[in-house]
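Peer 1: sequence first, then the predicted structure, then my questions.
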Amino acid sequence: MPLRLLIRTPRRAIARGALPALLLAGSSCAPEAYEREADVEVYSIVGDLEEEHFGPPPEEFRIDRRQDTLRDRLFADLEDGAIPPSRATESIIVPKADARSGAAEEAEAVPPPAEGGALMPPPAAELPAEIGGERAPEEPGGGDGGSEPLATLLGEDDDEPAVLAVAGPAAKLEEQAAPQAPRDLVNAAGIVEIDLHRTLEIAFENSRDYQTRKENVYVAALNLTRQRFNFGLQWFDRGDGGVAGVEGDTGTATANNEFGVNKFFEFGGSLGLSILSSFSRIIVQDDEWSFGNALSASFTTPIMRGFGYWIAREPLTQAERDSLYAVREFRRFQRTFTVSIASQFLRVLQQKANLRNAEENLKSLRLNANRQREFHEAGRIDIVQLGQAAQDELSAEQRVVTASAALDSTLDQLKLTLGVPTVAKFAVLERDLEKLNEQIAEVFTPDEELCIQLARTLRQDLMVTRGRVVDADRQVNIAANALQMGLDLSLSTSVPTDDRQPFDFNFEQTRYAAGLAWDLPIQRLPERNTYRRSLITREQARRAYEQARDQVDLEVRRGLRTLEQARLSYDIQRSALQLAEKRVDSARDRQAAGRATVRDFLESQRDLLTAQDATYAALIAYVIAKLELVRDLEILEINVGDATFDARLDRLASP
């Protein structure tokens, strides 16, 4: 019987008291709605921070990834068997010619590798006029607003994206407007074709590390939303209800619902307003419900310890600064990540150049070995010289195998960094390899003091470290405040209604309370330790900032030295390459005339291969050194949406 009577609740009671609770009970949202709500709030925070401190962002910050990324498509194709796993590259080892090949083969001997396709920088006569210290004539439409004309480091083609460029005496390293690469980078044969632009596009979309760094920014902003919530209006509606009794005897049914709002103020006080609806009934046959409301208000605030804007608001202040730190650190990471990807891609190009040079060297040595076999049969050389030629031919084959394996390893490491399966087949497009080989301009060496001041001003990681010092100062003040006497004031009041009159408040029965609570500083050992620890932490933060500032100075000075060293090394290696080419030609002619031994030609050919590899390595080192300097100066501008970057150095030119 108690349950049956409980169900017979008067409609009037429901309408007057329980209806608000019943309406709110069904207002909860699905988890997806909360996810979208969090995304909107976090993206707004990050966007505001970026616009305030860095200007309008080129693209909206988001952490959700596309469902059809290159990694997903490659894995799906591998599982379906559409892309058979295989080596990323295949070395081209020319089959050995027949030892008895006739004179026709000798007549078809290829010219020296320097002219037969080996990868080398152009002769000095083909270099820009800036190398000789003179300014190149300005091309129609070149430059921007009177600036120096651009001489592309990776070449300039209307049909293909050029990513880096060098300009004028200032030697600007500048990003060209690269067209958006097609989303489907896998060709019909299941091979991923990449150049520098496409590599960056794949990295921004698929890199695990890049995604993790973006999520770190999101989490920092998400923590800020919680702190903002703590200082906002916090609405609530909670209640309870139940029935108790003895079967056949008196039972009691009760229900309570409290609806209200809390507000925590930034000076340390808090205010609470609520209305409590109570329902009760002694279940004896058809007894009616007893119900009423009570309006309550309470206010508490610290007076000494814990009072003050800079004390109570500290969690919100730190969350705001942490969000800004996360955005700054991500900006810094974007620059280091871009340079890292570009450097790895350039190393792949270098390994590919080494492989091609090794293959051309193998061709030349095989032709020479065939020629020496004919000379030996004719009695012009002894078996020792023939063995030397054969031995160098075998060594050249080993170099091709080693260079091919090195290219595969370097390419696999790039795949791992990009976040794609290492078993996928990649093809490095030749256009970047050829464009890098076209020309190189003299490095503009900016003023060292100017560069150091610029880096100290712009480096995002240094700003974060400097901000940590300010944070440590605040923590010292907060810890000192905790040593004071605790004194809190509390006020409360409550106005009930008459029974069964839920909106008729009886102010004559108003209840109130006021009180003070204190905590004398008789024992403050934990607070004392916290305060002393905060002083030590502040000193450590200051030293960390000094260390970071000195590290920035070191990186800039080292970057300038490396850039100058790369330029000088390239000039030296280019001269050595030209000399090696002449030695090969001379040794071949002298050997044909019988005035040189086989060893003379083999040594010249070996030195030519070394010079080719060293010259291209110096070229790659030059480009990477310039990228790293621009990165360390924090002037590398990146457009993630277009997978392009702007690395100009012209702003450092003296007026």
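Peer 2: All right, it came through fine. Numbers count the residues shown, from 1 in each chain.
Peer 1: for the spatially closest residue to L324 that is not a sequence neighbour, grab phi and psi.
Peer 2: Distances taken as CB to CB, 6 or more residues apart in numbering place L49 nearest to L324, at 5.8 Å, with adjacent residues excluded. The C-beta positions use only the backbone N, C-alpha and C, and glycine is treated the same way. Here is the backbone geometry of L49 (degrees, to the nearest 10): phi -60, psi -40.
Peer 1: any idea which helix is longest in the protein?
Peer 2: As assigned by DSSP state H, the longest helix anywhere in the chain is helix 525-592.
Peer 1: tell me the angle of the helix or strand following it relative to helix 525-592?
Peer 2: Following helix 525-592 in sequence order, the next helix or strand is helix 598-632 (DSSP states H and E). Computed by axes from the mean of the first three to the mean of the last three CA atoms, to 10 degrees, the angle separating helix 598-632 from helix 525-592 equals 150 degrees.
Peer 1: which other helices and strands contact helix 598-632?
Peer 2: In terms of contacts (3 or more CB pairs under 8 Å, 6 or more residues apart in numbering; DSSP states H and E), helix 598-632 is packed against helix 314-377, helix 383-418, helix 430-436, helix 525-592.
Peer 1: what residues sit buried inside the helix or strand just after that helix?
Peer 2: Heading C-terminal from helix 598-632, the first helix or strand you meet, by DSSP H and E, is strand 637-639. For strand 637-639, the neighbour count (16 or more other CB atoms under 10 Å) marks 638-639 as buried.
Peer 1: next one: stretch 609-623
Peer 2: Buried, per 16+ other CB under 10 Å, within stretch 609-623: 609-623.
Peer 1: low-confidence ranges in the stretch 51-200 of the chain?
Peer 2: 67-68, 75-184 (pLDDT under 70).
Peer 1: please redo it, this time with the cut-off set to 50
Peer 2: 86-183 (pLDDT under 50).
Peer 1: equivalent analysis for the chain, please.
Peer 2: 1-19, 21-24, 86-183, 437-440, 442, 654-655.
Peer 1: mind doing that once more with 80?
Peer 2: The chain contains residues with pLDDT under 80 at 1-29, 58, 65-190, 245-251, 281-290, 430-446, 498-504, 592-594, 596, 641-655.
Peer 1: coming back round to it: shouldn't the residue nearest to L324 be in contact with Y325?
Peer 2: No - contact criterion CB atoms under 8 Å: L49 and Y325 do not qualify, at 10.2 Å.
Peer 1: ok, now how distant is V384 from N370?
Peer 2: According to CB to CB, to the nearest Å, V384 stands 18 Å off from N370.
Peer 1: so for those two, which residue has more residues nearby?
Peer 2: Using other CB atoms under 10 Å, the more surrounded residue of V384 and N370 is N370, with 22 against 10.
Peer 1: ok, V420 - contacts?
Peer 2: 70-71, 74, 192, 202, 206 (CB atoms under 8 Å, 6 or more residues apart in numbering).
Peer 1: oh sorry, the question was meant for T493
Peer 2: 296-298, 510-513.
Peer 1: try it again with 10 Å
Peer 2: 295-299, 510-514 (CB atoms under 10 Å, 6 or more residues apart in numbering).
Peer 1: could you do R347 as well?
Peer 2: If you count contacts by CB under 10 Å, 6+ apart, then R347 has 406-407, 410-411, 413-414, 617, 620, 624 around it.
Peer 1: hmm, 7 Å instead?
Peer 2: 410, 620 (CB atoms under 7 Å, 6 or more residues apart in numbering).
Peer 1: what's the distance between it and A405?
Peer 2: From R347 to A405 the distance is 15 Å (CB to CB).
Peer 1: what of L74?
Peer 2: L74 is 23 Å from A405, by CB to CB.
Peer 1: D519 too?
Peer 2: 72 Å.
Peer 1: more crowded one of L74 and A405?
Peer 2: When neighbours are counted by other CB under 10 Å, L74 comes out ahead of the other of L74 and A405, with 23 against 15.
Peer 1: which residue packs closest to the more buried one, ignoring adjacent ones?
Peer 2: Per CB to CB, 6+ apart, closest to L74 is A424, 4.8 Å.
Peer 1: next, count neighbours for the one you found.
Peer 2: So A424, with other CB under 10 Å, has 24 neighbours.
Peer 1: same question for T644.
Peer 2: Look at T644: counted by other CB under 10 Å, it has 23 neighbours.
Peer 1: and what of T537?
Peer 2: 16.
Peer 1: again, but for A580
Peer 2: For A580, using other CB under 10 Å, the count is 26.
Peer 1: quick one: contacts for it?
Peer 2: 604, 607-608, 611.
Peer 1: as CSV, those with distance to R567 would be great.
Peer 2: Output for those, formatted as CSV (distance: CB to CB, whole Å):
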residue, distance to R567
S604, 27
D607, 23
L608, 23
A611, 18
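Peer 1: derive a ChimeraX selection command for the buried subset of those.
Peer 2: Buried members of the contacts of A580, defined by 16+ other CB under 10 Å, are picked up in ChimeraX with:
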select :604,607,608,611
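Peer 1: of the contacts of A580, closest to N230?
Peer 2: Minimum distance to N230 across the contacts of A580 is 67.7 Å, recorded for A611 (CB to CB).
Peer 1: wasn't V261 part of a helix?
Peer 2: No - secondary structure of V261 (DSSP: H, G, I helix; E, B strand; the rest coil): strand, not part of a helix.
Peer 1: can you name the residues bridging to it?
Peer 2: W235, L273 (DSSP bridges).
Peer 1: report how many residues lie close to it.
Peer 2: 13.
Peer 1: how much space between it and L609?
Peer 2: For V261, the distance to L609 - CB to CB - is 80 Å.
Peer 1: same check on S395?
Peer 2: Counting by CB to CB - S395 and L609 are separated by 10 Å.
Peer 1: and if you look at G241?
Peer 2: Taken as CB to CB, the span from G241 to L609 is 89 Å.
Peer 1: what does W289 give?
Peer 2: The value you get for W289 to L609, if CB to CB is used, is 100 Å.
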